[in-house]
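Enquirer: coordinates only, sequence not included:
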């Protein structure tokens, strides 16, 4: 379990976007995560690192209540978003409209590039063509994709390259105008150049929203995250400023060993 004194020492007084207390997750009788207590601040990039099967994706699933769609997934403890327990949201889809999610592999819709991004605004009642055009362009620019697709907005999104499709997924998530953006291993199928473009976009986006970045690339967390949590064997071992954890000031030896590549 995380050393809460270590966590509290890192809190900078900013508004809490996500608050987690004694979170425990299991799939049937198999535990995936237990004893997690942490908070995530407004307008920060919060990194989560750790080896496979350490509970990182399960954590994200609990935040946006994906457990209601995953058979056998049980969540105990408290997860609050904007001060309200996520289980208190009567409309789970309203919650998810506030929380954008980008999965490891592109999840394209069988629609044009334009309509992939315009779908969420239309569902919210936006019908004015000029307004939609502006929103689509803004989201594609923020996802570092506009210059590559501006002349083929009517082409199927599925015809884009893998890296472009992943950025289209990010643009579609941004079109929801979320308060929180969660990325789960977004660069697993993306080339290094595209990864760097997305990272540059994320560094700018944190001025507008809070970002949770789950990554198995420890140097990606080092480049992007303000604070980082290290998950191992279903527990949150340590939370600290990224500069401390990567600067030799980690409190736990397991954290240092993982960051320095001694296991993973």
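Expert: Yep, that arrived. Source: prediction; values computed, not measured. Numbering: from 1, shown residues only.
Enquirer: shouldn't residue 48 be in contact with residue 216?
Expert: No - judged on Cβ atoms under 8 Å, residue 48 makes no contact with residue 216 at a distance of 10.1 Å. Glycine gets a C-beta too; all of them are placed from N, C-alpha and C.
Enquirer: Those two - which one has more neighbours?
Expert: Just comparing residue 48 and residue 216: by other Cβ atoms under 10 Å the higher neighbour count belongs to residue 48, 27 against 17.
Enquirer: what pairs with the more buried one across the strands?
Expert: Counting by DSSP bridges, residue 48 forms beta bridges with residue 214, residue 229.
Enquirer: Show me the helices in this structure, by range?
Expert: Using DSSP state H, the helices of the chain run over residues 4-10, 56-63, 92-98, 113-123, 129-142, 146-149, 162-174, 192-205, 218-224, 242-245, 253-259.
Enquirer: what's in contact with the second one?
Expert: What that stands for is helix 56-63. 18, 23, 25, 32-33, 36, 48-50, 66-67, 70, 73, 75, 79, 81, 86, 99, 101, 180, 182, 184, 212, 214, 231 (Cβ atoms under 8 Å, 6 or more residues apart in numbering).
Enquirer: as a whole number, average confidence for stretch 29-44?
Expert: Here stretch 29-44 scores 96 as its mean pLDDT.
Enquirer: again, but for stretch 253-264
Expert: 91.
Enquirer: Pull the residues that contact that stretch.
Expert: 49-51, 216, 218, 230, 232, 237-238, 245-246, 248, 250.
Enquirer: Any idea how far it is from the middle of the chain?
Expert: Chain-centre distance of stretch 253-264: 23 Å, with Cα atoms, centre = their mean, to the nearest Å.
Enquirer: And stretch 241-251, by the same measure?
Expert: 22 Å.
Enquirer: From one end of that stretch to the other, what's the distance?
Expert: Length of stretch 241-251, first residue to last, Cα to Cα, to the nearest Å: 11 Å.
Enquirer: still on that earlier bit, tell me which of the helices of the chain lies nearest to residue 43.
Expert: helix 192-205 (9.7 Å; Cβ to Cβ).
Enquirer: Check which helices and strands the closest one sits against.
Expert: Helix 192-205 sits against helix 129-142, helix 162-174, strand 210-214, helix 218-224, with contacts defined as 3 or more Cβ pairs under 8 Å, 6 or more residues apart in numbering; DSSP states H and E.
Enquirer: For residue 14, which of those is the nearest?
Expert: Of the helices and strands packed on helix 192-205, nearest to residue 14 by Cβ to Cβ is strand 210-214, at 9.6 Å.
Enquirer: quick one: that closest one to helix 56-63, angle?
Expert: 150 degrees (axes from the mean of the first three to the mean of the last three Cα atoms, to 10 degrees).
Enquirer: buried sites along strand 210-214?
Expert: Within strand 210-214, the residues that count as buried by 16 or more other Cβ atoms under 10 Å are 210-214.
Enquirer: So which residues make contact with it?
Expert: Outside strand 210-214, the residues touching it (Cβ under 8 Å, 6+ apart) are 17-18, 40-48, 56-57, 59-60, 63, 179-185, 202, 205, 220-221, 224-225.
Enquirer: Quote the end-to-end distance of stretch 47-67.
Expert: Span of stretch 47-67 from end to end, Cα to Cα: 22 Å.
Enquirer: Okay, the nearest residue to residue 121 once chain neighbours are set aside and residue 254: tell me how far apart.
Expert: Nearest residue to residue 121 in three dimensions, chain neighbours excluded: residue 135, at 5.3 Å (Cβ to Cβ, 6 or more residues apart in numbering). According to Cβ to Cβ, to the nearest Å, residue 135 and residue 254 sit 44 Å apart.
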